[in-house]
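Novice: Predicted model follows, preceded by the sequence.
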Amino acid sequence: MASTSRSVRSLLTCIALGLAAGSFTAPAHAQILGIELKDAKAAKRYKKNVIEINGRKMIVGEPVAGISWDSATRTANYMNNGVNVLFVADPKNPEKVPYRFRRGERISSGSKGKVSVNGADIAYVHAHLPEQSLMGLAGEYALRIEQLENLEAQRKRCSKGTVEWFAVQERIVVHLERLENWLRRTAFPGAADDVAKDVKKERKVKLVDGVDARALRAKKSVEKIPTPALLESCAQEHGGGKWHFRTHQSQHVRITHCVELIPDEVAANLLDLAERLIEGFRVDLVDPYRSDTFPDNIPDGWFQEFFLGPNDVVMHEKMWESYYAQSWGPRKAERLQMAGTGANLGPPLRRVNYWRLTDGIDLDGLVAHGLGHTLADLHYGGGLAGMSQDWLEEAVGYYLSIEYLGRNNVTCHGHYDPEKDRYGKSKRDQEEKKKGDKPLRMGLRDFFVEHALADGPRYEKLIPKIRFELNEADLCKAWSFYEFIVKSEGEKGQRLLRATCKRARNKGTLINGLREDGTALYELADVDFYKWIEERWRNWVTKSS
């Protein structure tokens, strides 16, 4: 098997955000929490407010009293023997916000928008949508509907049956599927069911033959495959017969999972999500620009694997060494403290994300963020190794997670500062600010954009950084700049990112070389490319947020 590259070793030394219960503190920012109940009897008491997200039944809501989430310490706090009050969403109506603001305070808009949960009924609390609010979700939904309306208007301007018409039709289907996925994995399963009907209706229109067949082949490829004998023997040896594994695979992705923790249905759902992510990425960012000079670098076969094992550190250590034949290297003790690591292995050449499932780990998030890293390497860098643009891997990971899940609950080791909150704001600064309703009004997009505009570096300062130099402001800017490239810059934006990766092979000429590439690509004269692209991003993000 191939050895682990430096970029992959640093890339996949990841941690998943976890939670714990403690005493009450007031939230500094809006948070949407997921509350899992102790048993079916408890769930029955709150049946009007319980929704299911990828096999997990929970109440999803924004804290009001008795319950909170501390993003600095990453802990949940709730009244164990008292009442915990939350604002909850209407599962059928993403536009309906259950509160309004009066003198900086949230005031209930109706009797059905609030729920009281007895602490004795709570089994577990996690940050379902960190730094997000129900008002922010309503805003995000409006943006997604606007994007679909723009695509529908674009389709109307095309003659039906032409290549141009079919190309827009493909994007409408993909964006509807993305909206359904977002609704189902945030808080709106009822609305997701309605969008699923729209998807079915649009799917009746036959797309361009090659793309239609590709999407259908990937969707139907999910299956359980025989468990490798070596996997079974290694699990028996290092797990003492306590843990058993199965393997599911789709056209592009394999999931090796512990059956005691992840049922077959959940594994199949994760593969369905993975194929949606890959197909959506292709339809938006590859198909419209594909040519002899802009090839599709995403393989037709298997290129990604996720290993999802138990939270057993000794077994985690030994399975990596015996089943995957990998060494932990000189930083073994440090790497074993993390929930995840990874490598490029072969044959066939593939990326393996190797995870130990800690409490509350976000499985959807692991798949979306991990695939973001891999797709960035393939699409922009041309292969799985040696892209040397860590900010771009993070940007695509964040982008796909937020687009499809409404959240990013996976962050990479080296980005966390205990003296700051999750995205780099000083805790002392937060405490010294005047109290007001702005943090509670802000959704995740507002939070990221504000931080990127205030503290994010210019492009030429961002692109030389390696992973462990990236701070929270860099991550916010990376996500925002990538969204700008995707949604505003079309083919030129995609070519700019490929040029960045190509130039990054030589750090000594990266900045000046890319300045020349950007100037030529955008046909600029008498202006510095980096200053020009920064102003262009600022103008776009200010108008679109």
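Specialist: Looks like it arrived, so ask away.
Novice: From the centroid of the protein, which residue is nearest?
Specialist: For the chain, the residue nearest the mean C-alpha position is Ser401 (1.7 Å; Cα atoms, centre = their mean).
Novice: Which strands and helices lie in contact with the helix or strand in which it is found?
Specialist: Per DSSP states H and E, Ser401 falls inside helix 390-405. Helix 390-405 is packed against helix 6-11, helix 163-186, helix 264-285, helix 363-381, strand 410-412, helix 472-488, helix 490-503, with contacts defined by 3 or more Cβ pairs under 8 Å, 6 or more residues apart in numbering; DSSP states H and E. Heads up, the C-betas are built off the backbone N, CA and C, glycines and all.
Novice: returning to what we had before: the residue nearest to the centre of the chain touches Leu371, doesn't it?
Specialist: No. In this structure, Ser401 is not within contact of Leu371 by Cβ atoms under 8 Å, at 9.4 Å.
Novice: Please determine how far Gly340 is located from Ser545.
Specialist: To Ser545, Gly340 is 32 Å away according to Cβ to Cβ, to the nearest Å.
Novice: Tell me which of those two has more neighbours.
Specialist: Ranked by neighbour count (other Cβ atoms under 10 Å), Gly340 and Ser545 place Gly340 first, with 26 against 16.
Novice: and the more buried one, what are its phi and psi?
Specialist: phi -140, psi 150 (degrees, to the nearest 10).
Novice: Low-confidence ranges, the stretch 251-400 of the chain, go.
Specialist: Within the stretch 251-400 of the chain, the stretches with pLDDT under 70 are 386.
Novice: what's around Val367, how many residues?
Specialist: By the criterion of other Cβ under 10 Å, Val367 has 27 neighbours.
Novice: My error: substitute Ser221 in the last question.
Specialist: Neighbours of Ser221 under the rule other Cβ under 10 Å: 15.
Novice: cool, and Trp165?
Specialist: A count of nearby residues for Trp165, using other Cβ under 10 Å, gives 18.
Novice: which ones are touching the residue lying closest to it once chain neighbours are set aside?
Specialist: Distance criterion Cβ to Cβ, 6 or more residues apart in numbering; nearest residue to Trp165, sequence neighbours excluded, is Cys158 at 4.0 Å. With contact set as Cβ atoms under 8 Å, 6 or more residues apart in numbering, Cys158 has these partners: 164-165, 168.
Novice: which parts of the longest strand along the chain are buried?
Specialist: For the chain, the longest strand by residue count, based on DSSP state E, is strand 56-65. For strand 56-65, burial by neighbour count (16 or more other Cβ atoms under 10 Å) applies to 58-64.
Novice: Poorly predicted segments of the stretch 101-250 of the chain, please.
Specialist: Scanning the stretch 101-250 of the chain for pLDDT under 70 picks out the ranges 205-213.
Novice: Show me how this structure divides into domains.
Specialist: Per automatic domain parsing, the domain ranges recorded for the chain read 6-15+137-410, 18-129, 414-544.
Novice: mind checking how far the first one is from the chain centre?
Specialist: To tie it back to what came earlier, the one meant is domain 6-15+137-410. Chain-centre distance of domain 6-15+137-410: 9 Å, with Cα atoms, centre = their mean, to the nearest Å.
Novice: count of neighbours near the residue lying closest to Glu483 once chain neighbours are set aside?
Specialist: Nearest residue to Glu483 in three dimensions, chain neighbours excluded: Tyr399, at 6.1 Å (Cβ to Cβ, 6+ apart). When neighbours are counted by other Cβ under 10 Å, Tyr399 registers 25.
Novice: Tyr399 against Gly372, yeah?
Specialist: Yes. Assessed by Cβ under 8 Å, Tyr399 is found in contact with Gly372 at 6.6 Å.
Novice: can you redo the helices and strands packed on helix 390-405 as JSON lines with distance to Leu514?
Specialist: Shown next, in JSON lines, are the helices and strands packed on helix 390-405 (distance: least, Cβ to Cβ, whole Å):
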{"stretch": "helix 6-11", "distance to Leu514": "19"}
{"stretch": "helix 163-186", "distance to Leu514": "29"}
{"stretch": "helix 264-285", "distance to Leu514": "20"}
{"stretch": "helix 363-381", "distance to Leu514": "13"}
{"stretch": "strand 410-412", "distance to Leu514": "24"}
{"stretch": "helix 472-488", "distance to Leu514": "14"}
{"stretch": "helix 490-503", "distance to Leu514": "5"}
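Novice: Pick the most buried one from these.
Specialist: Of all the helices and strands packed on helix 390-405, helix 363-381 has the most neighbours on average by mean count of other Cβ atoms under 10 Å, namely a mean of 26.
Novice: Just the CA atoms of it, as CSV, please.
Specialist: Listed in CSV are the C-alpha atoms of helix 363-381, where the atom choice follows Å, rounded to 0.1, in the frame of the first residue of the first chain:
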residue,chain,number,x,y,z
LEU,A,363,-21.7,11.3,10.5
ASP,A,364,-23.2,13.5,7.7
GLY,A,365,-20.6,16.1,8.5
LEU,A,366,-17.7,13.6,8.3
VAL,A,367,-18.8,12.6,4.8
ALA,A,368,-19.5,16.1,3.5
HIS,A,369,-16.3,17.7,4.9
GLY,A,370,-14.1,14.8,4.0
LEU,A,371,-15.4,14.6,0.4
GLY,A,372,-14.9,18.4,0.1
HIS,A,373,-11.1,17.9,0.8
THR,A,374,-10.9,15.0,-1.7
LEU,A,375,-12.9,16.8,-4.5
ALA,A,376,-10.8,19.9,-4.0
ASP,A,377,-7.6,17.8,-4.6
LEU,A,378,-9.1,16.0,-7.6
HIS,A,379,-10.8,18.9,-9.4
TYR,A,380,-8.4,21.7,-8.7
GLY,A,381,-5.1,19.9,-8.1
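Novice: quick check, Lys507 in a strand?
Specialist: No. Lys507: not assigned to a strand; according to DSSP: H, G, I helix; E, B strand; the rest coil it is coil.
Novice: Tell me the secondary structure of the closest residue to it other than its chain neighbours, please.
Specialist: Once flanking residues are discounted, Lys507 sits nearest to Pro464: 6.6 Å by Cβ to Cβ, 6+ apart. At Pro464 the chain is in coil, as set by three-state DSSP.
Novice: contacting residues around Pro464?
Specialist: Pro464 is in contact with 507, 510-511, counting by Cβ under 8 Å, 6+ apart.
Novice: Would you list the buried entries among these?
Specialist: Using 16+ other Cβ under 10 Å as the burial test, these include Leu510 as buried.
Novice: Put together a markdown table for the contacts of Pro464, with distance to Ala153 and pLDDT on each row.
Specialist: Below are those laid out as a markdown table (distance: Cβ to Cβ, whole Å; pLDDT from 0 to 100):
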| residue | distance to Ala153 | pLDDT |
| --- | --- | --- |
| Lys507 | 44 | 92 |
| Leu510 | 40 | 97 |
| Ile511 | 40 | 97 |
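Novice: Please convert the contacts of Pro464 to CSV, extending it with distance to Thr256.
Specialist: CSV is the format used below for the contacts of Pro464 (distance: Cβ to Cβ, whole Å):
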residue, distance to Thr256
Lys507, 36
Leu510, 38
Ile511, 42
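Novice: any idea which of the contacts of Pro464 is closest to Glu460?
Specialist: Ile511 (5.3 Å; Cβ to Cβ).
Novice: Within its local environment, how many residues does the residue lying closest to that closest one once chain neighbours are set aside see?
Specialist: Spatial nearest neighbour of Ile511, excluding adjacent residues (Cβ to Cβ, 6+ apart): Glu460 at 5.3 Å. Glu460 sits with 19 neighbouring residues when counted by other Cβ under 10 Å.
Novice: wait, isn't Glu460 in contact with Gly513?
Specialist: No. Glu460 is beyond contact range of Gly513, at 11.3 Å (criterion: Cβ under 8 Å).
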